[in-house]
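# Please work out how this folds:
(one chain, ligands or ions: 1)
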Amino acid sequence: MMRISRFNVLVIFFLLTVACIRCGKTDRPGLVVFIVVDQMREDTFDRFQDLFRHGLRFLREEGVYFSEVRHDHAYTATSSGHFAISTGRFPGKVGVTGNYLYNRENEEKRYCVEDLESSVLSGNSRACSFRNFSCTALADWVRSVSPESKVWSVSVKTHAAVPLGGQDPDGVFWFDFNSGEFITSDYYMSEYPEWFFRFTQKWYPDRYFGQTWKRILDDPALYAAKSRADDFFAEAREGTGGEPSFPHVLPEVPPENPKDYGCLEEFPWLDETTLNLARTILVEENLGKDKFTDLLMISLSMPDLIGHRYGPFSQESMDTFLRLDRMLGEFFMYMDSTIGIKNTLIVLTSDHGCTPLPEFSRTQGHEAGRIDRFLRGYDAQLNRVLAEIWGEGRYIEVVSNNSIYYDYETMAEKGISSGEIDSVLVPMILKEAWAGKVYTRRQLLGDTDLDRYGRLWRNQFHPENSGDLFVTPEAYYLIWGPFGTTHEDAHDYNRHVPFVLAGWGLEAEVVHDSVSTVDIAPTVAYLLKYPFPGDLDGEPVRF
Ligand SMILES: [Zn+2]
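Numbering: from 1, shown residues only. All right, here's what the predicted structure looks like:
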């Protein structure tokens, strides 16, 4: 463990932290602010360390910074990451094989947090909740001994806000791109609190129409030096934002036209609204004001939505993190003025990293390429080979979450076993330049030792929801569309994420021990002296 430099931090934070160290930690803080940044590679802090001046700078220099934290599952999607972080269990163990779960019986993909028994209180989209999951989360462990503790969770994304809230929070809000409002379902509450209408009125996102996204710092050369040329091939070109380079203009929409709030996914602004909702909850629900520790869970989605379009080394992604740094700085200062940093434990981590655009990786000397997200065309090719052996038929039902699902009906009709199909397909797929590793259902169900990627797939595996073959592409290859990028595989750039604990009198420290993201929830519980289930996949990190 190593102590890091305390210089160059905003004076206010410096003074606050010194004050905290002097007064020491209380038994438990009044508030835990638990922040998940959607798509934040661990190297983000290093790349922009001299440009971060606000919230992210405070966390990196004044917090306990864990430098070797990784997701230990193979399909690094948003839902997988959030469930691992909040429940302390591998996503496969709780049934989360991806953002969408494939149901073999009706051959349908269903959104993992969709709740068919609940209704939304407003807006025009599906109801969501924690109902599909029997596991508990950090918030539930706290409430089990302290029912008076309040728990609120907010995010643009449902499959981020829901896992963080756990079984029985006071409220969970997410953004409905159809209506342009934050909404919830009646799983959580029967009607909105009165303050919620005032918030919605004040923060309705119509404010963003007609705005232009310009670089937040004036110096384009700085952006080029810290990222790359602004207009880069394979950055997304379609959509409202249109041009692949700054400035990005969101057109004014005439009031008589229905608004497509989906276009807000292309701009970094919505997290400002998410943090303002968190602020409103803080004040209106009196969080952190009594002896019962409250939890405010926040997942910030815009780095992910921007990252998908432009890639992690784009100027747009850089600008989004510079904005996040400022937004978090303002948020922490607000928190300090209301509750006090010394009475607040801040947790920050991320649900996954991001794969660089393959076209950019090639400029860096890597072999890299793309294959369609659902292996479209390729699955037909595999099927033709199987049909040549066993006769016409549909052998492959679907490709989902980097996994191939066999058609069990065809197999039964023809009297073929999975093992027979495996023995044809596995060597065939492995011949492809883009295919790094392939594992079979039998391998994941068995107890023989597997290599690293196999172990990561085992942590993602669920007997009902998972497929039959599991593919990890070669490093720098991407299973995605023709433009933009994603995460979702088991390479280090997608697994390696930051984890920081700060505030509450903690002293700055860098911990280099190897940590899994399933350790995060039990670490926070242990630190705050709350019980946690004995059969978790993670365990507390002592530092
Ligand atoms: Zn994503």
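# what are the pairing partners of the helix or strand containing residue 295, and which direction each?
Applying DSSP states H and E as the criterion places residue 295 in strand 294-300. Paired neighbours of strand 294-300 in the sheet (DSSP bridges): strand 31-37 (parallel), strand 151-155 (parallel).
# Need the ones you listed in TSV (columns: distance to residue 357 and mean pLDDT).
Just so you know, the C-beta spots here come from the backbone N, C-alpha and C atoms, and that holds for glycine as well. Converted to TSV, these look like this (distance: least, C-beta to C-beta, whole Å; pLDDT from 0 to 100):
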stretch	distance to residue 357	mean pLDDT
strand 31-37	20	98
strand 151-155	26	98
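# Of the ones you listed, which is nearest residue 231?
Among the strands paired with strand 294-300, strand 31-37 comes nearest to residue 231, with 26.3 Å by C-beta to C-beta.
# need the next SSE after the closest one, C-terminal direction.
helix 43-47.
# Tell me how many other residues crowd residue 362.
By the criterion of other C-beta atoms under 10 Å, residue 362 has 14 neighbours.
# May I have the residues that are in contact with it?
residue 368 (C-beta atoms under 8 Å, 6 or more residues apart in numbering).
# name the element it belongs to?
In this structure, residue 362 is located in helix 358-363 according to DSSP H and E.
# could you give me the average pLDDT of that helix?
Average pLDDT, helix 358-363: 96.
# buried stuff in that helix?
For helix 358-363, burial by neighbour count (16 or more other C-beta atoms under 10 Å) applies to 358, 359, 360, 361.
# Stretch 225-232 now?
Quick answer for stretch 225-232 (16+ other C-beta under 10 Å): 226, 227, 228, 230, 232.
# coming back round to it: next structured bit after the strand holding residue 295?
Using DSSP H and E, the helix or strand that follows strand 294-300 in sequence is helix 302-310.
# Next one: residue 360 relative to residue 312, how far apart?
From residue 360 across to residue 312, the span is 9 Å (C-beta to C-beta, to the nearest Å).
# And the strands in the stretch 1-150 of the chain?
Secondary structure of the stretch 1-150 of the chain by DSSP state E, counting those that start in this stretch: the strands cover 31-37, 64-70, 100-103, 108-111.
# Export these as TSV, with columns for distance to residue 426.
Formatted as TSV, the entries for the strands of the stretch 1-150 of the chain read as follows, by distance: least, C-beta to C-beta, whole Å:
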stretch	distance to residue 426
strand 31-37	36
strand 64-70	27
strand 100-103	20
strand 108-111	25
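# could I get the ones you listed as TSV with distance to residue 525 and mean neighbour count?
Listed next are the strands of the stretch 1-150 of the chain as TSV, based on distance: least, C-beta to C-beta, whole Å; neighbours: other C-beta atoms under 10 Å:
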stretch	distance to residue 525	mean neighbour count
strand 31-37	10	26
strand 64-70	16	20
strand 100-103	28	19
strand 108-111	29	14
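# of all those, which lies closest to residue 213?
Nearest of the strands of the stretch 1-150 of the chain to residue 213, taken as C-beta to C-beta: strand 31-37 at 19.0 Å.
# so where's the stretch 1-150 of the chain uncertain?
Within the stretch 1-150 of the chain, the segments meeting pLDDT under 70 span 1-25.
# hmm, 80 instead?
Along the stretch 1-150 of the chain, the parts satisfying pLDDT under 80 run over 1-26.
# for it, what spans make up the helices?
Assigned by DSSP state H, counting those that start in this stretch, the helices in the stretch 1-150 of the chain fall at 11-23, 43-47, 55-62, 78-87, 138-145.
# Out of the ones you listed, which gets nearest to residue 278?
So among the helices of the stretch 1-150 of the chain, helix 55-62 is nearest, using C-beta to C-beta, at 13.0 Å.
# Give me the helices and strands touching that closest one, please.
In terms of contacts (3 or more C-beta pairs under 8 Å, 6 or more residues apart in numbering; DSSP states H and E), helix 55-62 is packed against helix 11-23, helix 315-338, strand 496-503.
# Compute the distance from the centre of it to the centre of its chain.
Per C-alpha atoms, centre = their mean, to the nearest Å, the displacement of helix 55-62 from the mean C-alpha position of its chain is 20 Å.
# quick check: angle from it to strand 496-503?
Put simply, helix 55-62 runs at 80 degrees to strand 496-503, going by axes from the mean of the first three to the mean of the last three C-alpha atoms, to 10 degrees.
# got the angle for helix 55-62 vs helix 315-338?
Using the same axes, to 10 degrees: helix 55-62 against helix 315-338 is 70 degrees.
# and the angle for helix 55-62 with strand 64-70?
Interaxial angle, helix 55-62 versus strand 64-70 (the same axes, to 10 degrees): 100 degrees.
# thinking again about what came up before, quickly compare the helices of the stretch 1-150 of the chain and say which is most buried.
helix 78-87 (a mean of 30; mean count of other C-beta atoms under 10 Å).
# before we move on, the earlier item: okay if I get the strands paired with strand 294-300 as JSON lines plus distance to residue 221?
Supplementary listing: these in JSON lines, determined by distance: least, C-beta to C-beta, whole Å:
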{"stretch": "strand 31-37", "distance to residue 221": "27"}
{"stretch": "strand 151-155", "distance to residue 221": "35"}
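# And those strands: which comes nearest residue 92?
Per C-beta to C-beta, nearest to residue 92 of the strands paired with strand 294-300: strand 31-37, 19.6 Å.
# Tell me what angle the closest one forms with helix 302-310.
Angle of strand 31-37 versus helix 302-310, following the same axes, to 10 degrees, is 0 degrees.
# Pull the contacting residues for residue 88.
138, 518, 519, 520, 521, 522, 532, 533, 536, 537, 538.
# Quick check: the residue in the chain sticking out farthest from the centre vs residue 398, distance?
Computed with C-alpha atoms, centre = their mean, the maximum C-alpha offset from the centroid of the chain is found at residue 391, amounting to 43.2 Å. As judged by C-beta to C-beta, residue 391 and residue 398 stand 21 Å apart.
# Repeat that for residue 512.
Remark: distance between residue 512 and residue 398 (C-beta to C-beta) = 42 Å.
# In terms of neighbours, single out the busier of the two.
Counted by other C-beta under 10 Å, residue 512 and residue 398 do not tie: residue 398 has more neighbours, with 18 against 11.
# circling back to that earlier point, using TSV, lay out the helices of the stretch 1-150 of the chain together with distance to residue 329.
Formatted as TSV, the helices of the stretch 1-150 of the chain follow (distance: least, C-beta to C-beta, whole Å):
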stretch	distance to residue 329
helix 11-23	9
helix 43-47	15
helix 55-62	4
helix 78-87	23
helix 138-145	25
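# So which of those is nearest residue 349?
Per C-beta to C-beta, nearest to residue 349 of these: helix 78-87, 6.0 Å.
# how about residue 114, what does it touch?
Counting by C-beta under 8 Å, 6+ apart, the residues that residue 114 touches are 126, 127, 128, 132.
# If you could redo that for residue 115, that was the one I meant.
Neighbours of residue 115 in contact, by C-beta under 8 Å, 6+ apart: 126, 127, 128, 129, 131, 132, 185, 187.
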